[in-house]
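Participant: Kindly generate the corresponding structure for this input.
(chains A and B)
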Amino acid sequence: GENVEQHPSTLSVQEGDSAVIKCTYSDSASNYFPWYKQELGKRPQLIIDIRSNVGEKKDQRIAVTLNKTAKHFSLHITETQPEDSAVYFCAAADNQFYFGTGTSLTVIP
Amino acid sequence: DSGVTQTPKHLITATGQRVTLRCSPRSGDLSVYWYQQSLDQGLQFLIQYYNGEERAKGNILERFSAQQFPDLHSELNLSSLELGDSALYFCASSDRGEQFFGPGTRLTVL
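Facilitator: As a prediction, the model looks like this:
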């Protein structure tokens, strides 16, 4: 089955700096790559996603890149703000969703 | 609000007991997924249903079972509960790819 690895497990950045979270996957059949943000005690919320026919997607301060050849995809958050502090999960999916282990992001004011 | 509902929000019970968690997917979504999230842990995939049929199984214990009904709502049954079953249980629904999570049920086993 699919194996999704996510790094780093924790990340601290100064407010205004950029944050990058990386994920790798193993199954070339995966064709959908969402990212979720989860605040403490709340549901994971979809923040951005990318499909395998696209290399990059951007939504305001958030961008995702996908390298199908290398089987890795990354989340980029620019101009970070304290409210970006949360746990971020990547996932790779074909018929099933396989989640990474999460990155706890702390933005220091 | 994702459109996915889960009941109850909180559940406190004792070891050895049995509980049922309920999930209603977004209107039109045929797939329902169940996940377990223990304290400071990631999302552990339990099971997926699609239009009433079991589609995929993850790390679901034999003490746990699930079903999806004709109206597409789903129930997760947890029996012979142990302290280690205390966790947040999320369901999610999807149609054409995007997966949306419900608010979760927090289960506490004492």
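
Participant: how about the strands in chain B?
Facilitator: Applying DSSP state E to chain B gives strands spanning B:5-7, B:10-13, B:19-24, B:31-37, B:44-50, B:53-57, B:64-68, B:74-78, B:87-94, B:99-101, B:105-109.

Participant: wait, chain A
Facilitator: A:5-7, A:10-14, A:19-24, A:32-38, A:45-51, A:56-59, A:62-67, A:72-77, A:86-93, A:97-99, A:103-108.

Participant: quick one: average pLDDT of the second one?
Facilitator: The reference is to strand A:10-14. In this model, strand A:10-14 has a mean pLDDT of 98.

Participant: before we move on, what about the first one?
Facilitator: In this model, strand A:5-7 has an average pLDDT of 96.

Participant: What are the buried residues along that strand?
Facilitator: The neighbour-count check on strand A:5-7 (16 or more other Cβ atoms under 10 Å in any protein chain shown) flags A:Gln6 as buried. C-betas here are computed from N, CA, C, even on glycine.

Participant: any idea how far B:Gln68 is from B:Val19?
Facilitator: Distance, B:Val19 to B:Gln68, by Cβ to Cβ, to the nearest Å: 18 Å.

Participant: For these two, work out which one has more neighbours and name it.
Facilitator: B:Gln68 (23 against 18; other Cβ atoms under 10 Å in any protein chain shown).

Participant: contacting residues for that one?
Facilitator: By Cβ atoms under 8 Å, 6 or more residues apart in numbering or on different chains, the contact set of B:Gln68 is B:32, B:49-53, B:74.

Participant: which residues pair with the nearest residue to it once chain neighbours are set aside across the strands?
Facilitator: Of all residues not flanking B:Gln68 in the chain, B:Tyr49 sits nearest, at 3.7 Å (Cβ to Cβ, 6 or more residues apart in numbering or on different chains). In this entry, B:Tyr49 is beta-bridged to B:Val32, B:Glu54, by DSSP bridges.

Participant: Next up, the contacts around B:Tyr49.
Facilitator: Counted by Cβ under 8 Å, 6+ apart, B:Tyr49 has contacts B:31-32, B:55, B:66-68, B:74.

Participant: Great, nothing more from me.
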